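In: Predicted structure and sequence below. I'll ask about it afterward.
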Amino acid sequence: MQLTDFTITQAHQGLEKKEFSALELCKAYLDKIREKDREIFAFLTINTEKALSQAKKIDNLISTGKKLPILAGIPTAIKDNILVEGIKCTAGSKILENYIAPYDATVIKKLKEESCLILGKTNLDEFAMGSSTENSAFGPTHNPHDLTRVPGGSSGGSAAAVAANECVYALGSDTGGSIRLPASFCGVVGLKPTYGAVSRYGLIAFASSLDQIGPITKTVKDCKIVFEAIKGRDEMDSTSVELNQKPKTKNEKLNLKEIKIGIPKEYFIKGIDGEVKKVIEATIKKYQEMGAKIEEVSLPHTEYALPAYYIISPSEASANLSRYDGIKYGYSAKEAKDLMEIYLKSKGEGFGQEVRRRIMLGTYSLSAGYYEAYYLRAQKTRTLVKNDFEKVFEKVDCLLTPTSPFVAFKIGEKIEDPLSMYLVDVYTVSINLAGLPALSLPCGKAGHLPVGLQIIGKPFEESKILEIGEIFEKTCPR
Amino acid sequence: MISEEEVKHIAKLARLGLTQAELKKMQNELSSILDYMEKLKELDISKIEPTSHSVKIENVMREDQSKEKKLEIRKKLIEMAPEKKEGYLKTKSVL
């Protein structure tokens, strides 16, 4: 086994037992990035010097014999819309091409308290708007399972980096599927926490009522470790809340025989790829054989979630992105003759096509005369989507669905048709509208490409869906 | 179909400078996306309350105090502005 094959727990044990040093571990990953990233392009910034000096510090810490935090020295990669002090943070946009983060996001502060080791910043669709990572101003990321295909998006760089063993784990953000979809396409594990479980302070805002930061990892166990490290209330984000679940005692294991799993029928009708359906159905069967009760349920407003999402998220984005005005920071158009022209030119030249489209769509939905027909109608639809989930969660503990109706598609296949790209998110956006936690984990392959299983839980029941995921993961050889 | 005039108006509201060719393309793309949104009209929402936020939290308060940032952070923030003068951001005249 090579150093770059390790999970968090394995790497941590190796460091503790002094089987290798933090510096050796860090160098192995930097070498891997140098070797592989030319063809994958998961990274926008590689933090070589700082990573090496941090590794040396961790080796000193180890030599003192003090107890090592679980994430100490474990090489990680951070999506480039999360601020890491002193390192460029571009959000995949030309408008922030030279922006250096002046402070740490709360999640980074928390990881640094555990002496984390940051290898670099990963590629994304511009401002996290997209489902393929093709919307990055700096070029697309390639799927490690098939370089002609997309890694999914928008956290495509983070998912590809984990899948290609260019880091042990990564952070992503999820507004409508941006952690789960790339995790599914790249055959890794991704968690979108409950809205409010993780602080958004220092995350470059896209749609503030939907955005959440979460982990992308090789195993469910690793996912749990990273989630535990980053969660919690933060006074800098007034929408964050404390998760006060009573800690389980070691023997209090979840018993699958006491678990009721709902299968929402709306996720298995039109548009789903036959191979994907087969893999998901086999997975459901496995849960049944292990003792779980399976029940078909209905989420009748599922088909309305996507259009509602594509009104609500651009509306919030159009407000959030008004700050990029060419005055405070970021790209500023030269040779503008007055203030209005600075705004028009800086935004027009600085933003890419998809971002401009969403700003237009959002501004339209919020503008006088259209507000009620679009934005308000979408918000009311959001209530219906949320009520659907509340109703089924009176009967079942969690829901199983595919993360995506199909496997990773070809680079270039959907990029010219915005609507066909939006449809990629059909199984993931409802969860954000309702604010629920959801896990995507690999559950098999269709041809040579990974298929992701989505486990949706009740609000703040991350530990339950993680445990349900882990039970399945144990039955699959890694 | 959304008209070219409307597209121009929205672009101005958003302070987004678009060329003539970009406006035309935007008009086509927005039209097909808005057609798709028509689906929402199938639902009777007359008695439904809107949801702006999935988790019920109301009025999170804090002391109304200004917090002084360290001089080095202030400097860093000002440094990032495209144009500045004597520790302030500089813009073209507003009036």
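Out: Sure, I can see it.

In: For the residue of chain A found nearest chain B, list the residues it contacts.
Out: The minimum distance from chain A to chain B, using Cβ to the nearest Cβ, falls at residue A:435 (2.5 Å). All C-beta spots, glycine's among them, are computed from the backbone N, C-alpha and C. When contacts are counted by Cβ atoms under 8 Å, 6 or more residues apart in numbering or on different chains, residue A:435 is found next to A:194, A:195, A:196, A:386, A:459, B:53, B:54, B:55.

In: run the last query once more with 10 Å
Out: By Cβ atoms under 10 Å, 6 or more residues apart in numbering or on different chains, residue A:435 lies in contact with A:192-197, A:209-210, A:212, A:239, A:382, A:386, A:389, A:459-460, B:51, B:53-56.

In: can you tell me which of those are in strands?
Out: Counting by DSSP state E, the contacts of residue A:435 place A:192, A:212 in strands.

In: Pull out the buried members of the contacts of residue A:435.
Out: A:192-197, A:209-210, A:212, A:239, A:382, A:386, A:389, A:459-460, B:51, B:53-55 (16 or more other Cβ atoms under 10 Å in any protein chain shown).

In: need the helices for chain B, in chain order.
Out: Assignment of helices within chain B using DSSP state H yields the ranges B:4-13, B:20-37, B:71-79.

In: Of these, which shows the lowest average pLDDT?
Out: Among the helices of chain B, helix B:71-79 carries the lowest mean pLDDT, a mean of 88.

In: Give me the residues contacting it.
Out: Residues lying outside helix B:71-79 but in contact with it, judged by Cβ under 10 Å, 6+ apart, are A:85-86, A:100-103, A:328-329, B:68-70, B:84-89.

In: what about 8 Å?
Out: Contacts for helix B:71-79 (Cβ under 8 Å, 6+ apart): A:100, A:102, A:103, A:329, B:69, B:84, B:87, B:88, B:89.

In: Check the gap between the fifth one and residue A:261 for me.
Out: Distance check for residue B:69 against residue A:261: by Cβ to Cβ, to the nearest Å, it reads 50 Å.

In: Identify the residues contacting the spatially most central residue of chain B.
Out: With the centre of chain B defined as its mean C-alpha position, the nearest residue by Cα atoms, centre = their mean is residue B:14, 7.1 Å away. Listed by Cβ under 8 Å, 6+ apart, the contact partners of residue B:14 are A:318, A:322, A:347, A:359, A:360, A:363.

In: switch to 6 Å and redo it
Out: Taking Cβ atoms under 6 Å, 6 or more residues apart in numbering or on different chains as the criterion, residue B:14 is in contact with A:359, A:363.

In: ok, for the residue of chain B found nearest chain A, nearest residue in space, not its chain neighbours?
Out: Closest approach of chain B to chain A (Cβ to the nearest Cβ) occurs at residue B:54, with a separation of 2.5 Å. Once flanking residues are discounted, residue B:54 sits nearest to residue A:435: 2.5 Å by Cβ to Cβ, 6 or more residues apart in numbering or on different chains.

In: Show me what residue A:294 is bridged to.
Out: Note on residue A:294: beta-bridge partners by DSSP bridges are residue A:261.

In: didn't it look like it was pressed against residue A:283?
Out: No - the pair residue A:294 and residue A:283 does not pass the contact test of Cβ atoms under 6 Å, sitting 11.1 Å apart.

In: higher neighbour count, those two?
Out: A direct count of neighbours by other Cβ atoms under 10 Å in any protein chain shown for residue A:294 and residue A:283 places residue A:283 higher, at 20 against 15.

In: Tell me which residues touch that one, please.
Out: Contact partners of residue A:283, counting by Cβ under 6 Å, 6+ apart, are A:443, A:453.

In: Where does it fall, secondary structure wise?
Out: When elements are assigned from DSSP states H and E, residue A:283 belongs to helix A:274-289.

In: Next, the angle helix B:20-37 makes with the helix or strand harbouring residue A:348.
Out: Here residue A:348 sits within helix A:339-350, counting by DSSP H and E. Taking axes from the mean of the first three to the mean of the last three Cα atoms, to 10 degrees, one finds helix A:339-350 and helix B:20-37 inclined to each other by 70 degrees.

In: So helix A:339-350, near chain B or not?
Out: Yes - legend: contact between helix A:339-350 and chain B by Cβ under 6 Å from any Cβ of the partner chain is shown at A:339, A:343, A:344, A:345, A:347, A:348.

In: and what of stretch A:353-362?
Out: Yes - on the criterion Cβ under 6 Å from any Cβ, stretch A:353-362 is in touch with chain B at A:359, A:360.

In: one step back: most neighbours, which of the residues of helix A:339-350 next to chain B?
Out: Highest neighbour count within the residues of helix A:339-350 next to chain B: residue A:347, with 26 neighbours (other Cβ under 10 Å).

In: Surely it and residue B:16 touch.
Out: Yes - counting by Cβ under 6 Å, residue A:347 touches residue B:16, with 5.1 Å between them.

In: joint contacts of those two?
Out: Common neighbours of residue A:347 and residue B:16 (Cβ under 6 Å, 6+ apart) do not exist.

In: Chain A contacts on chain B?
Out: Residues of chain B that fall close to chain A, judged by Cβ under 6 Å from any Cβ: B:10, B:13-18, B:29, B:32-33, B:36-37, B:39-40, B:45, B:48-51, B:53-55, B:60, B:76-77, B:80-82, B:91-92.

In: related to what we said a few turns ago, so between residue B:69 and residue A:261, which is more surrounded?
Out: Neighbours of residue B:69 and residue A:261, each counted by other Cβ under 10 Å, are more numerous for residue A:261; the result is 20 against 13.

In: avg pLDDT for whichever strand or helix holds residue A:308?
Out: Element membership of residue A:308, judged by DSSP H and E, is helix A:302-320. Helix A:302-320 carries an average pLDDT of 98.

In: near chain B at all, that helix?
Out: Yes - against chain B, helix A:302-320 shows contacts by Cβ under 6 Å from any Cβ at residue A:307.

In: List the residues that contact residue A:213.
Out: Counting by Cβ under 6 Å, 6+ apart, residue A:213 makes contact with A:107, A:173, A:198, A:203.

In: out of those, which are inside strands?
Out: Using DSSP E, the contacts of residue A:213 in strands are residue A:173.

In: Go ahead and flag the most central residue of chain A.
Out: Against the mean C-alpha coordinate of chain A, by Cα atoms, centre = their mean, the closest residue is residue A:179 at 2.1 Å.

In: Check the gap between that one and residue A:215 for me.
Out: Going from residue A:179 to residue A:215 by Cβ to Cβ gives 8 Å.

In: now swap in residue A:473 and tell me
Out: 15 Å.

In: quick one, which of the two is more surrounded?
Out: residue A:215 (30 against 19).

In: Please consider this matter closed, and thank you.
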